[in-house]
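Participant: sequence unknown, structure follows:
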């Protein structure tokens, strides 16, 4: 004869069963965490790299983790209508511009997430506020090996607070300011960085932008700062090889830049436009049409967020923050 289980006893048994299940679940989770810790420290690649893999496997990784292991990654940061481009190659780092002053912390945070402690080189293409402003924060928070800026005539030197803050930060950290010339080149990891311009002194800060060409294997990138048609023409006249797979469109897509002749000479497959909400309604429709007519695949930071171009020296792939 089977005795019936009293309601109170049955409820107690159910509570005990649920408690045991919760305990078992907690023990399983704790064991998984401990195993992850052990693997992170023991597996090749180091704890930081392996933790990234664990987080990515759990769906908790950073978007920029997609650049891990790439021989060259060019990050066009989403900093509104401003420029900041982060380049990493073989564990070495280059930053081109820092956006506006209110974006400096954002840029620094992004660099930290990428594991940066020392920047091999910082380039300020020209001292307009939307290119130099955020560099103060970067200069104060990272070790900087080299700092490059254009040589400007006295009449074009700005009197902005952003410019003064960066000059003061350079002096405080005893960082020499270098003015590169066309033909200069240096390496970031395995990537060659060639200085193409400014070829001559321009009539504005925009037309004195430092122009860089990045080359890894058979792939190349052209970074044009805020150069306008006058500087583009001087580059064309210089006879330099301007061909590039990726073009960082000059002056945020203003119709003063990206002339048909210049675009034909570069002949890019991809283009990046660093742009945000702005009264000028950038990029201009004329520039967008020229790029579309040339069959260029365009990425805009106001639409895609931060855009990362990855190169293995043979081909280029693209990942974006916003799908």
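Facilitator: Nice, thanks for sending it over. In this text the structure is predicted, and so the values were computed from the model without any measurement. Numbers count the residues shown, from 1 in each chain.
Participant: show me what contacts residue 252?
Facilitator: 81, 83, 226, 273-275, 278, 282-283 (Cβ atoms under 8 Å, 6 or more residues apart in numbering). Any C-beta I mention is one placed from the backbone N, CA and C, and that applies to glycine too.
Participant: Okay, and which of those map to strands?
Facilitator: Among those, the members falling in strands (DSSP state E) are residue 273.
Participant: who's in contact with the closest residue to residue 300 other than its chain neighbours?
Facilitator: The shortest distance from residue 300 to any non-neighbouring residue, by Cβ to Cβ, 6 or more residues apart in numbering, is to residue 273 (4.8 Å). Residues near residue 273 by Cβ under 8 Å, 6+ apart: 249, 252-253, 282-283, 298-301.
Participant: Of the contacts of residue 252, which is the most crowded?
Facilitator: Within the contacts of residue 252, most neighbours by other Cβ atoms under 10 Å means residue 83, with 33 neighbours.
Participant: Any stretches of the stretch 51-200 of the chain with poor pLDDT?
Facilitator: Within the stretch 51-200 of the chain, the stretches with pLDDT under 70 are 51-60.
Participant: May I ask which of the contacts of residue 273 comes out lowest in pLDDT?
Facilitator: Note: of these, the lowest pLDDT belongs to residue 282, at 93.
Participant: With adjacent residues omitted, what lies nearest to the residue nearest the centre of the chain?
Facilitator: Taking Cα atoms, centre = their mean as the criterion, residue 75 is the residue nearest the geometric centre of the chain, at 2.6 Å. Of all residues not flanking residue 75 in the chain, residue 86 sits nearest, at 4.2 Å (Cβ to Cβ, 6+ apart).
Participant: who touches the one you found in this structure?
Facilitator: 74-75, 77, 93-96, 107, 110-111, 114.
Participant: hmm, try it at 10 Å
Facilitator: Applying Cβ atoms under 10 Å, 6 or more residues apart in numbering to residue 86 gives the contacts 64, 67, 73-77, 93-98, 107, 110-111, 114, 116, 119, 306, 308.
Participant: that's a helix at residue 106, yeah?
Facilitator: Yes. Assigned with DSSP: H, G, I helix; E, B strand; the rest coil, residue 106 falls within a helix.
Participant: how much space is there between it and residue 169?
Facilitator: Between residue 106 and residue 169 the computed distance is 18 Å (Cβ to Cβ, to the nearest Å).
Participant: Could you do residue 210 as well?
Facilitator: For residue 210 relative to residue 169 (Cβ to Cβ), the value is 19 Å.
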